[in-house]
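> sequence plus predicted model, see below.
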Amino acid sequence: MDTSKKNNALENRTSEEQKAFDDIISVFCSTADEEEMRALFDDLFTASEVKDLITRWLLMDDLYKGKPQREIAEARKLSLCKITRGSKMLKKEDGFMHRLLSSRYDDHIHI
């Protein structure tokens, strides 16, 4: 994966923030056990933050499966702006989420 590409929201990190981000990535990559990962999530994230992660995951899944954006917005109580961002991510065929969901569904669903 090309690590030189940056998420626009994280572009202006300080060196301290960049080191912390790299540390977080290292910890996530080194945590292979599901129970340990659950414990890490419990310690690191609030219930609300976990709910947001779950909602983002469900959004990407809905989009990949071809559900209409307005239907997703109503069902998930999300703004169309947030949904459009997810849709743009999935349209990048070389994007991680597209590849992940494609492999997860054995690529029988296409966006």
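Nice, thanks for sending it over. Just so it is clear, the model here is predicted, and its values are computed rather than measured.

> pLDDT of stretch 14-27, averaged?
The average of the pLDDT scores along stretch 14-27 is 95.

> by contact count, what packs against the helix-or-strand element of the chain with minimal mean pLDDT?
In the chain, the helix or strand scored least confidently by mean pLDDT, DSSP states H and E is helix 96-104, which has a mean of 87. Counting contacts by 3 or more CB pairs under 8 Å, 6 or more residues apart in numbering; DSSP states H and E, helix 96-104 packs against helix 47-64, helix 80-91. C-betas here are computed from N, CA, C, even on glycine.

> helices or strands next to the first one in the packing?
Counting contacts by 3+ CB pairs under 8 Å, 6+ apart, helix 47-64 is packed against helix 69-76, helix 80-91, helix 96-104.

> any idea which of the ones you listed gets closest to Ala39?
When the helices and strands packed on helix 47-64 are compared by CB to CB, helix 96-104 sits nearest Ala39, at 23.6 Å.

> what angle do helix 47-64 and the closest one make with each other?
If you take axes from the mean of the first three to the mean of the last three CA atoms, to 10 degrees, helix 96-104 sits at 70 degrees to helix 47-64.

> how far away from the center of its chain is helix 96-104?
Put simply, helix 96-104 sits 11 Å off its chain's centre (CA atoms, centre = their mean, to the nearest Å).

> got it, and stretch 83-95?
Put simply, stretch 83-95 sits 11 Å off its chain's centre (CA atoms, centre = their mean).

> and this structure, what are its domains?
12-44, 47-111 (automatic domain parsing).

> most tightly packed of those domains?
domain 47-111 (a mean of 13; mean count of other CB atoms under 10 Å).

> and that one, how far out from the chain's middle?
Counting by CA atoms, centre = their mean, domain 47-111 comes out at 9 Å from the chain centroid.

> same check on stretch 38-50?
On the basis of CA atoms, centre = their mean, stretch 38-50 sits 15 Å off its chain's mean C-alpha point.

> and the end-to-end length of it?
This stretch, stretch 38-50, spans 11 Å end to end (CA to CA, to the nearest Å).

> now the helices and strands packed on helix 47-64 as JSON lines including distance to Asp33?
Formatted as JSON lines, the helices and strands packed on helix 47-64 follow (distance: least, CB to CB, whole Å):
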{"stretch": "helix 69-76", "distance to Asp33": "30"}
{"stretch": "helix 80-91", "distance to Asp33": "28"}
{"stretch": "helix 96-104", "distance to Asp33": "20"}
